[in-house]
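K.L.:
From the sequence below, what's the structure:
(one chain, ligands or ions: 2)
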Amino acid sequence: MWNHYFALCFLIAVQCCITSIGSSNVRSEILSQMMEGYDNTMQPTIDVDEPTVIGMQLSINRINSVDEIQMDITLDLVLERNWEDHRLKFDGSRINRTYMDMDPRHAGFIWIPDLFIRNEKSAEWHSVTIPNRMLRLYENGSVMFISRITVTAACPMDLFMFPFDTQKCPLILQSYAFTDEEMQYEWTEEQLDDRRHVKLSHFDITDVKFTKCATNLRGNEYFNEGRRPCLQAEFVLQRDVGYYVLEVYIPSMVLVSMSWIAFWISKNSPPARVTIGLTSVLTMATMMASLNSHLPKSSMLKAIDVWLNGCLTFVFSAFLEYAMVSVQIASTEKRKIDKIETEESECRHSYEEHQVS
Ligand SMILES: *[C@@H]1O[C@H](CO)[C@@H](O)[C@H](O)[C@H]1NC(C)=O
Ligand SMILES: *[C@@H]1O[C@H](CO)[C@@H](O)[C@H](O)[C@H]1NC(C)=O
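P.N.:
Ligands and ions are numbered 1, 2, ... in the order given. Modelled structure (predicted):
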């Protein structure tokens with residue numbers, strides 16, 4: 001009885017083995033047929049003299065940072081590219097699938113559209129534990145290539161309205177080697193439908209604009225070496241003002257009110273009034289310095305500078321008021337003393353005159 005069971009199990013296992021080896025053999029057979037005479041340095045449409053159309057899709061995993069001093073933005077992106085390569089058609093019925101998912105190492109054997117990020121400062125592919133890429137070949141010759149990159153892109157910022165500002169950070173994807181007669185880029189329909197995961201402590205992404213751009217390699221509009229296919233994604237980032245209200249606006253208002261407390265303190269106790277005035281001025285100065293250490297060292301005026309310098313003026317005038325009061329007190333006292341002295345001397349004079357007479 002048990003022997004029968006074992007025999008049956010063994011047979012099933014062998015069957016499974018054979019089937020899986022069989023199907024993997026079919027796959028490698030398909031692959032080797034595909035690669036026969038395939039030249040991965042030629043784009044698919046080179047024979048028909050038409051541009052190869054590359055559909056692009058971008059999703060943001062994460063915004064790692066927005067740096068005002070360096071004026072750049074660091075994004076963790078998933079970039080999807082789709083194109084047609086008729087040389088990669090295969091007969092799907094042989095593996096009972098309409099597509100084949102490939103090992104990322106196969107990406108080196110097929111033609112991949114070239115791409116560079118025009119405003120990149122630094123970028124890296126992720127390769128833990130193996131390169132983060134996905135390559136799928138469809139039986140009709142469509143190719144889907146997804147890869148994950150982290151890129152730091154330059155983002156010129158206008159900080160005039162800081163911290164009530166909205167920054168627009170572009171990411172410009174362009175081809176280096178091909179002109180738009182040979183290759184075209186297009187945004188696919190459903191980009192960035194999933195923005196829920198994107199959070200940043202001090203910015204909200206309010207919008208992402210996907211546009212096509214027209215530039216040459218140097219980024220201007222003289223197309224003598226050809227117009228390059230170019231796509232632009234523009235991230236509209238709105239700064240979260242809450243942090244600045246809590247850390248700057250409320251403390252500075254409190255400080256200005258504190259400097260006014262000095263008006264209720266008797267003018268005859270200099271230590272108390274000087275301490276309040278001096279502390280307020282110093283605290284304002286420290287606050288301005290610590291805020292500016294996170295901002296670029298430029299002479300351009302920012303909204304927060306106007307506010308803080310206004311506060312500093314108030315605090316300083318309160319301090320100055322005491323200086324003027326004490327000068328006045330001193331002169332009034334001097335006048336009093338002078339008056340007493342003159343009265344005394346007049347008295348003495350009249351007394352002496354009286355005695356003489
Ligand atoms: C092919 O796939 C379909 C659905 O996945 C399945 O029903 C069918 O049995 C498969 N055929 C073979 C020969 O494996
Ligand atoms: C090939 O098949 C895929 C998946 O079914 C589809 O998205 C693509 O549009 C097809 N391409 C052509 C040229 O029909």
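K.L.:
In three-state terms, label Phe162 for me.
P.N.:
coil (DSSP: H, G, I helix; E, B strand; the rest coil).
K.L.:
Tell me how many other residues surround it.
P.N.:
By the measure other CB atoms under 10 Å, the count of residues near Phe162 is 20. All C-beta atoms are positioned from the backbone trio N, CA, C, and that covers glycine.
K.L.:
Arg27 now?
P.N.:
Residues contacting Arg27 under the criterion other CB under 10 Å number 16.
K.L.:
For Val48, list the residues it contacts.
P.N.:
When the contact criterion is CB atoms under 8 Å, 6 or more residues apart in numbering, Val48 has no partners at all.
K.L.:
my hunch is that it is in a strand, does that hold up?
P.N.:
No. Under three-state DSSP, Val48 falls outside any strand and is assigned coil.
K.L.:
For His202, see how far away the residue lying closest to Thr179 once chain neighbours are set aside is.
P.N.:
Distance criterion CB to CB, 6 or more residues apart in numbering; nearest residue to Thr179, sequence neighbours excluded, is Gly226 at 3.4 Å. The gap separating Gly226 from His202 is 41 Å, by CB to CB, to the nearest Å.
K.L.:
ok, now Glu68?
P.N.:
10 Å.
K.L.:
which residues does Glu84 bridge with?
P.N.:
Beta-bridge pairing for Glu84 (DSSP bridges): Ser142.
K.L.:
wait, what's in contact with it?
P.N.:
Taking CB under 8 Å, 6+ apart, we find Glu84 in contact with Pro44, Thr52, Val53, Gly141, Ser142, Val143.
K.L.:
for the residues you listed, which one is nearest ligand 2?
P.N.:
Closest to ligand 2 out of the contacts of Glu84 is Ser142 (4.0 Å), distances taken as CB to the nearest ligand atom.
K.L.:
Contacts only, for that closest one.
P.N.:
For Ser142, the contact set (CB under 8 Å, 6+ apart) comprises Asn82, Trp83, Glu84.
K.L.:
could you pick out which of those are near ligand 2?
P.N.:
Glu84 (CB under 6 Å from any ligand atom).
K.L.:
Spit out the contact partners of Pro104.
P.N.:
Counting by CB under 8 Å, 6+ apart, Pro104 touches Ile130, Pro131, Asn132, Arg133, Met134, Leu135.
K.L.:
just curious, which of the residues you listed is nearest to Phe164?
P.N.:
The nearest member of the contacts of Pro104 to Phe164, counting by CB to CB, is Asn132 at 38.0 Å.
K.L.:
And the closest one, how far from Ile205?
P.N.:
Distance of Asn132 to Ile205, computed by CB to CB: 23 Å.
K.L.:
Kindly report the same for Lys89.
P.N.:
40 Å.
K.L.:
Ok, Glu29 next?
P.N.:
For Glu29, the distance to Ile205 - CB to CB - is 47 Å.
K.L.:
got it, and Ile146?
P.N.:
Distance from Ile146 to Ile205, by CB to CB: 22 Å.
K.L.:
ditto for Phe162
P.N.:
Separation of Phe162 from Ile205 (CB to CB): 18 Å.
K.L.:
Then Arg81?
P.N.:
Relative to Ile205, Arg81 is positioned 23 Å away (CB to CB).
K.L.:
same question, Met157
P.N.:
Distance, Met157 to Ile205, by CB to CB: 15 Å.
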